[in-house]
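1. A structural model of the following input is requested.
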Amino acid sequence: MKYIRHIFKEIGYTAGDFLRRICGGLSPDARLTVILSMLLIFTIGNLYFTISTIYNWGRKNGKKEIPEVQHIEGVGIMKSGVQRDTIYPDSSTGKGQYKQKFQ
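-> Numbers count the residues shown, from 1 in each chain. Below you'll find the model as predicted:
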């Protein structure tokens, strides 16, 4: 568990170093422009998804169809239709007793 946590920390450190290297070369004005443009793009995307979800709630297109539950059909293992091995209940003890039928 500690090994996995260590891997995630290293990935975070690597990503942080990469972003610092890229953003470190930008001037403060360019950095502000990048941050504001990303904020605008993500805000528009968030509003689009929120409004489209609210709009589709009441519509028929927004509702998911629930499939009808059906009974499970038996598997066709016995092809001949004749049972070869059966457990018959013993009438005196009430327990099942294994008997094999022969043709």
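
2. I'd like the secondary structure assignment at Glu68, please.
-> Secondary structure, DSSP: H, G, I helix; E, B strand; the rest coil: Glu68 is coil.

3. which residue ranges form the helices in the protein?
-> Using DSSP state H, the helices of the chain run over 2-24, 28-57.

4. Any chance of the ones you listed in CSV with mean neighbour count as columns?
-> Bear in mind the C-beta positions are built from the backbone N, C-alpha and C, glycine included. CSV is the format used below for the helices of the chain (neighbours: other Cβ atoms under 10 Å):
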stretch, mean neighbour count
helix 2-24, 9
helix 28-57, 10
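
5. so can I have CSV of those helices showing mean pLDDT?
-> What follows is these, written out as CSV (pLDDT from 0 to 100):
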stretch, mean pLDDT
helix 2-24, 89
helix 28-57, 92
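
6. Columns distance to Pro67 on top of these, output as CSV?
-> Formatted as CSV, those follow (distance: least, Cβ to Cβ, whole Å):
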stretch, distance to Pro67
helix 2-24, 38
helix 28-57, 20
